[in-house]
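A.B. asks: output the structure for:
(one chain, ligands or ions: 1)
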Amino acid sequence: MKEIVIKDKRFNLYISPKQIRQRLDDLSHELNKAYHSKNPVLLIVLNGAFIFAADLIRALEVDPQTQFIRISSYEDEMQSSGKVRQVFGQDMPLTGRHVLIVEDIVDTGHTARYLRELLQEQHPASVAMVSLLFKPEAFEGGTPPEYVGFEIPPDFVVGYGLDYAQLGRELQGIYRLAEGG
Ligand code: IMP
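C.D. replies: Numbers count the residues shown, from 1 in each chain. Predicted coordinates for the structure are as follows:
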């Protein structure tokens with residue numbers, strides 16, 4: 001089991017780059033079917049989703065347009081505060097558009113709920129979310145992501161865009177906090 005150290009914590013390889021690639025293949029097939037001739041707007045949630053989104057968008061054949069939004073919810077480095085605030089938003093009109101939110105991870109679901117409420121104000125034709133990771137046991141309600149790469153236990157993970165104290169985003173696999181940290 002490959003172990004790495006980031007700052008003061010130990011992490012073990014949990015999802016390999018190959019597993020991510022394979023799952024992305026399946027997900028993009030599913031999305032290509034669902035969004036065929038729908039010309040969706042991909043709303044990419046910064047910062048964590050940038051690597052997932054970069055790989056996903058190149059596997060999509062649905063003429064997507066892209067927009068970015070930045071939300072912050074973690075005040076602490078490893079725990080969701082539950083408080084969500086928008087840092088900067090997208091400015092594309094979304095009325096009548098099919099919007100696909102691209103997230104790195106859905107944990108408590110507060111960010112997802114906030115985003116969906118924000119988007120409803122613009123009356124899009126549809127809103128759905130694709131999240132690379134989903135922690136069902138940490139999820140506190142609302143609409144779960146319609147498309148999920150991997151369901152994982154409520155442990156802290158880094159890599160493939162996800163960070164620990166802004167470190168580890170460049171890792172090609174996903175690493176899970178080792179027992180005892
Ligand atoms: P939620 O609002 O609790 O669902 O949290 C969503 C945000 O928290 C994600 O977009 C991530 O930025 C961050 N987050 C949640 N779990 C993790 C994790 O295990 N590692 C890194 N960031 C995480």
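
A.B. asks: low-confidence ranges in the protein?
C.D. replies: Within the chain, the ranges that satisfy pLDDT under 70 run 1, 72-88, 90.

A.B. asks: check it for its longest helix and report it.
C.D. replies: For the chain, the helix with the greatest residue count under DSSP state H is helix 17-34.

A.B. asks: for the protein, just list every one of the helices.
C.D. replies: 17-34, 50-57, 110-120.

A.B. asks: re the thing from before, off-centre distance for the longest helix of the chain?
C.D. replies: Once both centres are worked out by CA atoms, centre = their mean, to the nearest Å, helix 17-34 turns out to sit 14 Å from its chain's centre.

A.B. asks: got a markdown table for the helices of the chain, with mean neighbour count too?
C.D. replies: (Each C-beta comes from the backbone N, C-alpha and C, glycine too.) Output for the helices of the chain, formatted as a markdown table (neighbours: other CB atoms under 10 Å):
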| stretch | mean neighbour count |
| --- | --- |
| helix 17-34 | 15 |
| helix 50-57 | 19 |
| helix 110-120 | 18 |
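
A.B. asks: switch those over to a markdown table; also include distance to E151.
C.D. replies: Compiled in a markdown table, the helices of the chain are given as follows (distance: least, CB to CB, whole Å):
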| stretch | distance to E151 |
| --- | --- |
| helix 17-34 | 11 |
| helix 50-57 | 15 |
| helix 110-120 | 15 |
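
A.B. asks: so how far is A178 from the nearest residue to L31 once chain neighbours are set aside?
C.D. replies: Using CB to CB, 6 or more residues apart in numbering and skipping the chain neighbours, the partner closest in space to L31 is L60 (6.1 Å). Separation of L60 from A178 (CB to CB, to the nearest Å): 35 Å.

A.B. asks: the longest helix of the chain - contacts with which helices or strands?
C.D. replies: helix 50-57, strand 126-134, strand 147-151 (3 or more CB pairs under 8 Å, 6 or more residues apart in numbering; DSSP states H and E).

A.B. asks: list the contacts of it.
C.D. replies: Contact with helix 17-34 is made by 55-56, 59-62, 100, 128, 130, 132, 147, 149-150, 160, 172-174, as judged by CB atoms under 8 Å, 6 or more residues apart in numbering.
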